[in-house]
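**Q** need coordinates for the following:
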Amino acid sequence: TASHEKWKVAGDSRKDITLGMGNAVMESPFTISGYSLSGSVASSGDKVPNVKVQLSVASSSSPPLGCALSGSGESNSCSTTSDANGRFSFDGLPCGSYRVSAAFDSDQATFHIQPEALRVSIEHSDKLLEAAFEVMGFSVTGKVVAPSGKGVEGAKIIVNGLEKTTTDADGYYVLDR
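**A** Residues are numbered from 1 along each chain as shown. Here you go, the predicted model:
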């Protein structure tokens with residue numbers, strides 16, 4: 001039986017062979033059907049969880065296993081999310097060229113992440129991205145409302161005792177770092 005903690009064995013991972021006094025030849029060999037690509041997302045050395053990491057297929061002989069792809073060419077993609085330690089991984093990747101990008105965007109916050117994307121080649125082994133995606137800054141949006149529910153114009157937004165911005169005519173503000 002063939003197995004590996006990260007690599008996926010294609011087809012039947014169990015082969016029966018009768019051994020005698022001489023060498024035995026397997027009719028069909030075990031085949032590794034993909035490798036892993038892993039990396040991390042950080043901000044000033046701190047790991048950043050919950051960042052969406054997208055893998056796009058530039059060229060490969062077959063689609064990644066365990067990755068629901070849509071589209072064709074560069075739009076063939078799938079995604080995962082960085083874990084509590086800021087780590088991410090794509091498994092079952094065939095040899096080929098890929099584009100990896102990271103993004104965090106919610107209704108109220110957006111991270112500014114560098115690099116915007118990385119080009120990666122998988123060539124018969126697992127790959128760890130040496131350069132982590134780095135959160136360089138962020139934007140936070142919000143709204144100040146009166147008890148009536150109407151936006152408050154000109155409200156001061158104070159962070160750690162410092163005035164950072166004021167609200168617009170509808171009560172909205174944006175904080176950038």
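**Q** need the per-residue pLDDT for the residue nearest the centre of the chain.
**A** Centroid check for the chain by Cα atoms, centre = their mean gives residue 53 as the closest residue, at 1.9 Å. For residue 53, the pLDDT comes out at 94.
**Q** which helices and strands does the helix or strand where it lies pack with?
**A** Following DSSP states H and E, one finds residue 53 within strand 52-60. If contacts are counted by 3 or more Cβ pairs under 8 Å, 6 or more residues apart in numbering; DSSP states H and E, strand 52-60 sits against strand 31-43, strand 77-81, strand 87-93, strand 96-103. Glycine gets a C-beta too; all of them are placed from N, C-alpha and C.
**Q** dump the ones you listed into a markdown table; add distance to residue 138 and mean pLDDT as well.
**A** Below are the helices and strands packed on strand 52-60 laid out as a markdown table (distance: least, Cβ to Cβ, whole Å; pLDDT from 0 to 100):
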| stretch | distance to residue 138 | mean pLDDT |
| --- | --- | --- |
| strand 31-43 | 9 | 85 |
| strand 77-81 | 17 | 87 |
| strand 87-93 | 19 | 89 |
| strand 96-103 | 12 | 91 |
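**Q** circling back to that earlier point, next, the buried residues of the strand holding residue 53.
**A** Neighbour counts over strand 52-60 (16 or more other Cβ atoms under 10 Å) mark 53, 55, 56, 57, 60 as buried.
**Q** list the buried residues in stretch 128-137.
**A** 132, 133, 134, 135.
**Q** no, scratch that, I was asking about stretch 37-54
**A** 37, 39, 40, 41, 42, 43, 47, 48, 51, 53.
**Q** for these, which two are the farthest from each other?
**A** The most widely separated members of these are 37 and 43, with 21.5 Å between them, by Cβ to Cβ.
**Q** quick one: contacts for the residue of the chain most remote from its centre?
**A** In the chain, the residue that sits farthest from the middle, by Cα atoms, centre = their mean, is residue 21; the gap is 51.3 Å. Counting by Cβ atoms under 8 Å, 6 or more residues apart in numbering, residue 21 makes contact with nothing.
**Q** okay, and it sits in which element?
**A** Residue 21 belongs to no helix or strand, assigned by DSSP H and E.
**Q** please tell me how far it sits from residue 136.
**A** Between residue 21 and residue 136 the computed distance is 66 Å (Cβ to Cβ, to the nearest Å).
**Q** where's the closest residue to residue 83 other than its chain neighbours relative to residue 110, distance?
**A** The shortest distance from residue 83 to any residue other than its chain neighbours is 6.1 Å, reached at residue 49 (Cβ to Cβ, 6 or more residues apart in numbering). To residue 110, residue 49 is 16 Å away according to Cβ to Cβ.
**Q** thank you, goodbye.
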